[in-house]
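[1] just to be clear, the model below is a prediction. Sequence and coordinates:
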Amino acid sequence: MILKEDSTEQKLRGAYYTPLKLAEKMVDFFKKDASIKSILEPSCGDGNFLKAIVERIENLNLNLDITTDITGVELCLDEARKAMKYGTNVECQDFFAFYRDKVAGKSDYDAIVGNPPFIRYQDFDEKSREIAFSYMKENGFHPTKLTNIWLPFLVLSCLALSENGRLGMVIPAELFQVNYAGETREFLARYFDRLTLITFQKLVFEEIQQEVILLLGEKKSEDKGIQVIELS
């Protein structure tokens with residue numbers, strides 16, 4: 001995402017955290033589905049989504065063990081420690097290594113929610129990039145030097161869903177604007193029975209000059225198709 005002011009460490013991590021109120025509303029997308037038994041936040045940062053998830057589970061008396069059924073992944077140790085205070089399982093490692101070691105061919109999740117980092121190709125850690133791109137290529141994608149890290153984050157999160165899984169992601173609006181995301185647009189339309197795209201008239205993140213959308217996907221739905229909702 002484009003910074004108004006330079007903040008090198010934050011920029012390299014692509015770390016712009018979702019406001020808690022927005023995280024809570026996104027978690028509401030999952031709350032009516034009693035079949036959800038496992039939840040993943042692949043870039044949990046300091047834990048706003050985890051906080052929202054835990055609060056919703058407690059309020060609704062859902063039969064989930066937050067210590068085992070909810071997992072957050074965070075590369076930065078300091079941020080992972082902050083996220084741990086909400087009582088969920090937090091894995092301090094690179095998401096793509098986590099996907100390779102604990103997800104691909106091994107497990108899946110009923111719900112995945114989050115806000116993937118925004119890191120350009122040249123700032124994308126080489127080892128992490130190799131893992132991400134290898135899985136993208138394995139699934140028919142053709143990543144290039146224009147590919148931003150949020151895109152394989154999104155694709156692999158989709159692939160980590162269970163048969164009836166749901167996904168909620170804060171995604172740059174350029175998903176629908178740039179050529180390098182063309183394959184992903186086609187993939188999303190095929191992969192989900194129902195997609196809901198929520199756009200905003202005003203910037204959601206004040207510290208960046210980047211429009212975002214909320215992407216809500218349901219792999220199985222009787223109400224099929226794509227809907228677009230605009231909010232102020």
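    Cool, the structure landed.
[2] can you report how many residues lie near residue 221?
    Counted with other CB atoms under 10 Å, the neighbours of residue 221 add up to 14. Quick note: C-beta positions are derived from backbone N, CA and C, even for glycine.
[3] is it correct that it is in contact with residue 195?
    No. Residue 221 is beyond contact range of residue 195, at 9.5 Å (criterion: CB atoms under 8 Å).
[4] ranges for the helices of the protein?
    According to DSSP state H, the chain carries its helices in the segments 8-13, 20-28, 48-60, 77-83, 95-98, 126-138, 150-159, 182-191.
[5] can you redo those helices as TSV with distance to residue 42 and mean pLDDT?
    Formatted as TSV, the helices of the chain follow (distance: least, CB to CB, whole Å; pLDDT from 0 to 100):
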stretch	distance to residue 42	mean pLDDT
helix 8-13	14	45
helix 20-28	14	72
helix 48-60	10	86
helix 77-83	12	96
helix 95-98	5	98
helix 126-138	12	97
helix 150-159	6	97
helix 182-191	16	95
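[6] got a markdown table for those helices, with mean neighbour count and distance to residue 176 too?
    Output for those, formatted as a markdown table (neighbours: other CB atoms under 10 Å; distance: least, CB to CB, whole Å):
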| stretch | mean neighbour count | distance to residue 176 |
| --- | --- | --- |
| helix 8-13 | 13 | 24 |
| helix 20-28 | 17 | 19 |
| helix 48-60 | 20 | 23 |
| helix 77-83 | 16 | 29 |
| helix 95-98 | 23 | 23 |
| helix 126-138 | 16 | 19 |
| helix 150-159 | 23 | 13 |
| helix 182-191 | 14 | 7 |
